[in-house]
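J.: Could you look at this predicted model? Sequence included:
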Amino acid sequence: MTKKSLVISIVGARPNFVKLASLHKHFPNQIDHRIVHTGQHYDFEMSEIFFNDFMLPKPNFNLEVGPGTRASQIGIMIQKIESVLKSEDPDLVLVYGDTNSTFAGAFAASTCNIKLAHIESGLRSFDKRMPEETNRILTDNLSDLLFAPTKSSIMNLKNENNLGKIIRSGDLSVEIINETLTNLLKKKEISKGLNLDPKSYVLFTMHRAENTAHKDNLISIIRSFEKLRDHEIIFPIHPRTKKVLESFNLFERLTRCKNVKIIDPVGYLDFINLLVNAKKIVTDSGGVQKEAYILSIPCITIRENTEWIETVVEGWNVLTGLDSDKIINYINNWHPLKKQKPIFGDGKASKIIMDEIQNYLV
């Protein structure tokens, strides 16, 4: 009997789970696929709810790393992942995106001399103040297989003379969003208890440390809300964002904005339901920029740069930073007319990735 190849996926946060969900079901019988969950997102709303939404199996290993500074979190992850890899001895490690779990998994695979594949490689914001940018660059430099989703990501890897094999795969989000939209047809309401009409509200998310770590940034956002009183704003609040608002004594001021409906974090299905029915999205998330483009929702990105540059070039994403006047202007007056191009591929990324993995393991 031929011995099965062993592939281990390392995940730990929402963006990882989304990509894993697209790929997991495509593993053939001759590959034993196991999941290591670092525990980077340690509360139910930010972790288990996504496994439930995607009907993913319970992780084979849950490292329960939990919160901490970036350096301490990555250090603990590396130690624990390395221990798993030494005991399991996989043929290939898969890492996804640009989270701390991504880099920790890549570094641990390197120390164990195990081949590494990076899904969603080559993205660059060219802003090394962003932890995600460092994670991307270091992970790409350690990877043997680099699955790049866009033309610009291919060019970035070539310009850096990366030694791994570069594969234009397209993006897995196209598939998972198409599947999610099919499931949403069964839902008669946008989200339980919110009483929302389609295209009647602006969706808002903010979680990045460079935005939430400074009081003036948060005040600028709240000031925007206060001036947008004619717009209903739905704000699924990230636990870290809420904690920082409370530490700066700003959460109460936020709650006084009667046009802002603060809700707990939601699962992927509910979030896509909120997004597809929004008139606009304001966000600092990389993944949400991509999801908005695929769903034809105008996206206002409260950052100075983006790794998804094609969404800006195509006219469906604008970069405002935290400039209150710009945010308000784009919410009030900006209406993209250009039809989207399929910049993220044709929904076959999982097949391209899986075919390449199978050929690599032969």
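T.: Ah, there it is.

J.: The chain - how does it break down into domains?
T.: According to automatic domain parsing, the chain comprises the domains 5-171+345-361, 188-333.

J.: Can I get those domains in a markdown table including mean neighbour count and distance to residue 339?
T.: C-beta: built from backbone N, CA, C; applies to glycine. What follows is the domains of the chain, written out as a markdown table (neighbours: other C-beta atoms under 10 Å; distance: least, C-beta to C-beta, whole Å):
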| stretch | mean neighbour count | distance to residue 339 |
| --- | --- | --- |
| domain 5-171+345-361 | 20 | 16 |
| domain 188-333 | 18 | 9 |
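
J.: how about the ones you listed in CSV, adding mean pLDDT and distance to residue 182?
T.: Below are these laid out as CSV (pLDDT from 0 to 100; distance: least, C-beta to C-beta, whole Å):
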stretch, mean pLDDT, distance to residue 182
domain 5-171+345-361, 93, 12
domain 188-333, 94, 11
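
J.: Would you mind writing the CA trace of the helix or strand where residue 312 lies as PDB?
T.: Assigned by DSSP states H and E, residue 312 belongs to helix 309-313. Output of helix 309-313 as PDB, limited to C-alpha atoms (Å, rounded to 0.1, in the frame of the first residue of the first chain):
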ATOM      1  CA  ILE A 309      -3.400  47.800  -5.500                       C
ATOM      2  CA  GLU A 310      -5.500  46.500  -8.400                       C
ATOM      3  CA  THR A 311      -8.700  47.300  -6.500                       C
ATOM      4  CA  VAL A 312      -7.600  51.000  -6.500                       C
ATOM      5  CA  VAL A 313      -6.500  51.000 -10.100                       C
END
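
J.: mind starting the numbering at 865 from now?
T.: From this message on, residue numbering opens at 865, which makes the last subject helix 1173-1177.

J.: could you say what helices and strands it packs with?
T.: Packed against helix 1173-1177 by the contact rule (3 or more C-beta pairs under 8 Å, 6 or more residues apart in numbering; DSSP states H and E) you find helix 1015-1023, helix 1150-1158, strand 1181-1183.

J.: if we go to 10 Å?
T.: Applying 3 or more C-beta pairs under 10 Å, 6 or more residues apart in numbering; DSSP states H and E, we find helix 1173-1177 packed against helix 1015-1023, helix 1150-1158, strand 1163-1165, strand 1181-1183.

J.: Which residues does the next helix or strand after the last one contact?
T.: Per DSSP H and E, the first helix or strand lying C-terminal to strand 1181-1183 is helix 1188-1197. Counting contacts by C-beta atoms under 10 Å, 6 or more residues apart in numbering, the residues outside helix 1188-1197 that touch it are 1066, 1068, 1083-1092, 1094-1095, 1097, 1143-1144, 1146, 1162-1166, 1182-1185, 1187, 1198.

J.: Check the offset of helix 1188-1197 from the chain's centre.
T.: In terms of C-alpha atoms, centre = their mean, to the nearest Å, the centre of helix 1188-1197 is set 25 Å apart from its chain centre.

J.: Tell me which helix or strand comes right after that helix.
T.: Counting by DSSP H and E, what follows helix 1188-1197 is helix 1213-1225.

J.: what residues does that next one touch?
T.: Contact with helix 1213-1225 is made by 868-871, 883, 886-892, 894-895, 897, 955-956, 958, 979, 981, 983-984, 1008-1009, 1011, 1013, 1029, 1031-1040, 1209, 1212, as judged by C-beta under 10 Å, 6+ apart.

J.: Apply 7 Å and report the result again.
T.: For helix 1213-1225, the external contacting residues (C-beta atoms under 7 Å, 6 or more residues apart in numbering) are 869, 871, 886-887, 890, 892, 955-956, 981, 983, 1009, 1011, 1031, 1033-1036, 1038-1039.

J.: Repeat that for stretch 1045-1055.
T.: Residues outside stretch 1045-1055 that contact it (C-beta under 7 Å, 6+ apart) are 1060, 1130, 1133-1134, 1136-1138, 1141.

J.: Of the residues you listed, which pair is most distant in space?
T.: 1060 and 1133 (15.5 Å; C-beta to C-beta).

J.: does residue 874 count as helix, strand or coil?
T.: When classified by DSSP: H, G, I helix; E, B strand; the rest coil, residue 874 comes out as strand.

J.: where's the closest residue to it other than its chain neighbours, which helix or strand?
T.: Sequence neighbours aside, residue 969 is the residue nearest to residue 874 in space, at 3.3 Å (criterion: C-beta to C-beta, 6 or more residues apart in numbering). Assigned by DSSP H and E, residue 969 belongs to helix 964-975.

J.: could you pull out the helices for the stretch 965-1114 of the chain?
T.: 995-1006, 1015-1023, 1037-1048, 1073-1076, 1079-1091, 1103-1111 (DSSP state H, counting those that start in this stretch).

J.: Redo those as JSON lines? Include distance to residue 1202.
T.: Below are the helices of the stretch 965-1114 of the chain laid out as JSON lines (distance: least, C-beta to C-beta, whole Å):
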{"stretch": "helix 995-1006", "distance to residue 1202": "28"}
{"stretch": "helix 1015-1023", "distance to residue 1202": "18"}
{"stretch": "helix 1037-1048", "distance to residue 1202": "19"}
{"stretch": "helix 1073-1076", "distance to residue 1202": "28"}
{"stretch": "helix 1079-1091", "distance to residue 1202": "26"}
{"stretch": "helix 1103-1111", "distance to residue 1202": "32"}
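
J.: If you drop the residues flanking it in sequence, what lies closest to residue 916?
T.: Residue 916 sits nearest to residue 1131 (C-beta to C-beta, 6+ apart), 6.9 Å away.
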